[in-house]
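Peer 1: My questions concern the predicted model and sequence given below.
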Amino acid sequence: MRKSIVIKTEDKYKRVLLSDILFCKADGAYTWFHLKSEETFLTSTLLKDVEAELLGINFYRVSRKFLVNLDHCYEILTRGSYQLVLSDGTKLPISRSRY
């Protein structure tokens, strides 16, 4: 099983451990990677391509904009709208169809 991924950023290639990724967020034709070290970086890859590369690994697409690492999921809030709470306290919306 793979333990890391190589991601092309603006000016370099970066090796990131899969366990360090909290979530990925779509931003048009770009994807933001949010790490547990509070580091974020942007890559010019579509989120669907990132999702395809991480297929079969512990990642799940919770909405059109977010792909999360299930190892960092803490709880799901169901009052009002559905929200996923990550290990660092970040709350992300979950689409109804993905709940």
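Peer 2: Alright, I've got the coordinates. Numbering: from 1, shown residues only.
Peer 1: Show the low-confidence segments of the chain, by residue range.
Peer 2: Across the chain, residues meeting the criterion (pLDDT under 70) sit at 1.
Peer 1: hey, where'd the strands end up in it?
Peer 2: Taking DSSP state E to define them, one finds strands in the chain at 4-8, 13-17, 21-27, 30-35, 40-43, 59-61, 66-69, 73-77, 83-86, 91-93.
Peer 1: buried ones in the third one?
Peer 2: By neighbour count on 16 or more other Cβ atoms under 10 Å, the buried set for strand 21-27 is 21-26. (Each C-beta comes from the backbone N, C-alpha and C, glycine too.)
Peer 1: quick one: it to chain centroid distance?
Peer 2: 3 Å (Cα atoms, centre = their mean, to the nearest Å).
Peer 1: quick one: contacts of it?
Peer 2: In this structure, residues lying in contact with strand 21-27 by Cβ atoms under 8 Å, 6 or more residues apart in numbering are 5, 31-36, 42, 46-47, 50, 59, 64-69, 72, 86-88, 90, 92.
Peer 1: Could you do the fifth one as well?
Peer 2: For strand 40-43, the external contacting residues (Cβ under 8 Å, 6+ apart) are 7-10, 14, 27, 30-34, 50.
Peer 1: just to revisit the earlier point, quick one, which of the strands of the chain is packed in tightest?
Peer 2: Ranked by mean neighbour count, the strands of the chain are led by strand 66-69 with a mean of 22 (mean count of other Cβ atoms under 10 Å).
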